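>>> no sequence on this one, just coordinates:
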């Protein structure tokens, strides 16, 4: 009897804690920014990959050999496309170029990657100046990625990203070293 009462009290305590300490929901980017510019215009240009978070290490394994990544997002050949070019500097010093085409979803900031119909990319605002957060989901994985206009955003930005993603059940965290010069 005592154990049943104790279990019930702990259960109620858990429900109370859950209702008080909810994870903050990240804010989706809107299709229009504060200056009235339409998406994706404010997000074109150069971005630095800063950190990633996921429920497991395996979902971040693709970034293990990376020292730094610089992305350049440009308008695509069609109004509903974005061209993404990356220069990846590996920890061994090699430079690896990559290219993707994103397809815009009408009335949304969600992106679909050409050639990868299972992959969805959602864009979220970041409390960090010059920052943006992405959530990638695909066949068997989900990960959050932090990007910034600066290769070295304030440490507080990374801490807030890690705290938020940890609250959202991302147990694995990866911070790019950014010790080598970015590829040209």
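Now that the structure is in, tell me what you want to look at. Quantities reported herein were computed from a predicted structural model and do not represent experimental measurements. Numbering: from 1, shown residues only.
>>> what residues of stretch 49-59 count as buried?
By 16 or more other CB atoms under 10 Å, the buried positions in stretch 49-59 come out as 49-55, 59. C-beta coordinates here come from the backbone N, C-alpha and C atoms, glycine included.
>>> wait, which of these is closest to residue 170?
Distance to residue 170 across the buried residues of stretch 49-59 (CB to CB) is lowest for residue 53, with 3.8 Å.
>>> distance of that closest one from residue 69?
As defined by CB to CB, to the nearest Å, residue 53 lies at a distance of 16 Å from residue 69.
>>> where does the residue nearest to residue 127 when sequence neighbours are not counted fall, phi/psi-wise?
If the residues on either side of it in the chain are set aside, residue 127 comes closest to residue 160, at 5.9 Å by CB to CB, 6 or more residues apart in numbering. Summarising the backbone geometry of residue 160 under the convention degrees, to the nearest 10, its torsions are phi -70, psi -40.
>>> related to what we said a few turns ago, could you export the buried residues of stretch 49-59 as a markdown table, including distance to residue 139, pLDDT and secondary structure?
Written out in a markdown table, the entries for the buried residues of stretch 49-59 read as follows (distance: CB to CB, whole Å; pLDDT from 0 to 100; DSSP: H, G, I helix; E, B strand; the rest coil):
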| residue | distance to residue 139 | pLDDT | secondary structure |
| --- | --- | --- | --- |
| 49 | 22 | 98 | strand |
| 50 | 25 | 98 | strand |
| 51 | 23 | 98 | strand |
| 52 | 18 | 98 | strand |
| 53 | 19 | 97 | strand |
| 54 | 14 | 97 | strand |
| 55 | 15 | 97 | coil |
| 59 | 11 | 96 | helix |
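>>> helix or strand: which one has the residue nearest to the spatial centre of the chain?
In the chain, the C-alpha nearest the mean C-alpha coordinate belongs to residue 145, at 2.4 Å (CA atoms, centre = their mean). Secondary-structure element containing residue 145, defined by DSSP states H and E: strand 141-148.
>>> parallel or antiparallel, which strands does that strand pair with?
Using DSSP bridges, strand 141-148 pairs in its sheet with strand 45-54 (antiparallel), strand 131-138 (antiparallel).
>>> relative to residue 184, which of those strands is closest?
With CB to CB as the measure, strand 45-54 is the member of these nearest residue 184 (12.5 Å).
>>> ok, residues contacting the closest one?
The list of residues contacting strand 45-54 from outside it, by CB atoms under 8 Å, 6 or more residues apart in numbering, reads 60, 63, 66, 68-73, 131-132, 141-151, 153, 157-158, 161-162, 165-166, 170-176, 178, 182.
>>> now the helices for this protein?
Assigned by DSSP state H, the chain shows helices spanning 2-20, 155-167.
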